[in-house]
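**Student:** heads up, no residue letters with this:
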């Protein structure tokens, strides 16, 4: 094998593998970005298509040492990402650095014409990068509200009584939550990617690519609206168990249908003869001897070493922190000791995508006093979380289900068997004609109060001070049908004291 080709390939892998590793965390946990696994292969396919009609090679417009500029940015980016694994700005900066590096590499191969020719194929990688959280939340909330309003109006027009409360639709004897998967967001990002993919394959001009993407978004939103109406009707006719049964199959069918619909739209536009005109001189592309056009072997080794040095610096920078260890662990809660009818429920896929927890538990039971309890436990292991882990707070998520925070009570401290003081926040929510009492706590592996970095400067300080979350836990209880907050609190304290009991269930529960 040509040595230049070998070391150039190693260099490109060194550039992209750290970025893919960062993005893979979101692709794995967040189902609306599962399609990200396919995007690198789409990018390679698009580059292959453009290789067939590549322009003639010219001298590079820049010195190959300019490649060092985006490469050196990997040193701070990797350190910031270790302290803030869920900071989506780092996702974008890392993907941008890798893309710019690859563009500069193409410049070395064939000059400016190669940059203009191959850059559109690289851009598709950016469609696999999760949106900034503030943007995604704004779009999500807007779409959920629109879907809720339209669904309620359609149901009422067809004679089915329905009332919207937040992002929840109340039917006669049933409740349907319009979460992200039913709002169109689940397929929105993938529809943008699909629109760009087919537009690039068929070489549409910019205006038609934009039109295809816009039409794809409209079709996808319509299909997801139909999905919400269908699931609502299934819930009304067959109950919530049928909703759970058909939720994912219908969602997957909608996702596939949306992708095929965009492909059909692209084919229809192509039949209208609206493609970009190709340069006639490129019908028989010139031959290229890679051995003379690629980066020199010494430069490829130097540039690859920069990425290696960035990874080594990141490992050494946080080494003392990673070596710390504590035995504080509550991942083995004995839920069966609380009540004979404690039922383990499957965790919602949306919660898994948002929280990215390592282990989680969701239980329901009713005590002998008639209080209906719901409990959530989450654990995040070291190295996979940031300061945001475990702060999916009830005052943020419960209002989306139609509840209103009525009262914030005095915090209640609970002393664990190991002697740690865990502060629980206590709240009362009003909704659906009843009160719900909430007890919520989040704490770090050593029992300390977790910090929350919400600003750029705070996140940068976390990296500078080598502050990484070594482990985090979250515990939340919701009590319904209690006669008062005091009654719920007394029973909750018994649950805390007894749920780690070696044998026997708590008396009175």
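**Tutor:** Thanks, I have the structure now. Just so you know, these numbers come straight off a predicted model, no measurement behind them. Residues are numbered from 1 along each chain as shown.
**Student:** contacts, neighbours, all on C-alpha from now
**Tutor:** Will do.
**Student:** if I look at residue 104, how far off is residue 319?
**Tutor:** Distance, residue 104 to residue 319, using C-alpha to C-alpha, to the nearest Å: 34 Å.
**Student:** More neighbours: which of these two?
**Tutor:** residue 104 (25 against 12; other C-alpha atoms under 10 Å).
**Student:** mean confidence score for the helix or strand that one falls within?
**Tutor:** Assessed by DSSP states H and E, residue 104 sits inside helix 88-110. Mean per-residue pLDDT for helix 88-110: 95.
**Student:** and what of stretch 435-455?
**Tutor:** Taken as a whole, stretch 435-455 has a mean pLDDT of 80.
**Student:** List the buried residues of that stretch.
**Tutor:** The neighbour-count check on stretch 435-455 (16 or more other C-alpha atoms under 10 Å) flags 435-447, 450-451, 453 as buried.
**Student:** again with stretch 364-371
**Tutor:** Result for stretch 364-371 [16+ other C-alpha under 10 Å]: buried residues 364-367, 371.
**Student:** Out of these, which sit inside strands?
**Tutor:** In this view, these that belong to strands under DSSP state E are 364-366.
**Student:** Which of those sits closest to residue 424?
**Tutor:** residue 364 (19.8 Å; C-alpha to C-alpha).
**Student:** Would you confirm that that closest one contacts residue 342?
**Tutor:** Yes: using C-alpha atoms under 8 Å, residue 364 is in contact with residue 342, at 5.6 Å.
**Student:** name the helices or strands packed onto the strand or helix carrying residue 311?
**Tutor:** Residue 311 belongs to helix 297-317 when assigned by DSSP H and E. Contacts defined by 3 or more C-alpha pairs under 8 Å, 6 or more residues apart in numbering; DSSP states H and E place helix 297-317 against helix 3-29, helix 68-72, helix 74-83.
**Student:** Report the inter-axis angle for that helix versus helix 74-83.
**Tutor:** 30 degrees (axes from the mean of the first three to the mean of the last three C-alpha atoms, to 10 degrees).
**Student:** and helix 297-317, how far out from the chain's middle?
**Tutor:** Averaged C-alpha coordinates place helix 297-317 at 29 Å from its chain's average position (C-alpha atoms, centre = their mean, to the nearest Å).
**Student:** now the helices for the stretch 401-509 of the chain?
**Tutor:** In the stretch 401-509 of the chain, the segments counted as helices under DSSP state H, counting those that start in this stretch are 456-464, 485-498.
**Student:** right, and those helices - which one's nearest residue 110?
**Tutor:** Closest approach to residue 110 among the helices of the stretch 401-509 of the chain (C-alpha to C-alpha): helix 456-464, 38.6 Å.
**Student:** Distance check, residue 495 against residue 335.
**Tutor:** Look at residue 495 and residue 335: by C-alpha to C-alpha, they are 10 Å apart.
**Student:** Number of residues surrounding the residue nearest to residue 16 when sequence neighbours are not counted?
**Tutor:** Nearest residue to residue 16 in three dimensions, chain neighbours excluded: residue 98, at 6.2 Å (C-alpha to C-alpha, 6 or more residues apart in numbering). Residues contacting residue 98 under the criterion other C-alpha under 10 Å number 23.
**Student:** same question, residue 419
**Tutor:** Neighbours of residue 419 under the rule other C-alpha under 10 Å: 9.
**Student:** coming back round to it: mind putting the buried residues of stretch 364-371 into TSV with pLDDT and distance to residue 31?
**Tutor:** Output for these, formatted as TSV (pLDDT from 0 to 100; distance: C-alpha to C-alpha, whole Å):
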residue	pLDDT	distance to residue 31
364	91	25
365	92	29
366	92	32
367	90	35
371	94	34
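**Student:** Among those, which one lies nearest to residue 197?
**Tutor:** Closest to residue 197, out of all of these and judged by C-alpha to C-alpha, is residue 364, at 45.0 Å.
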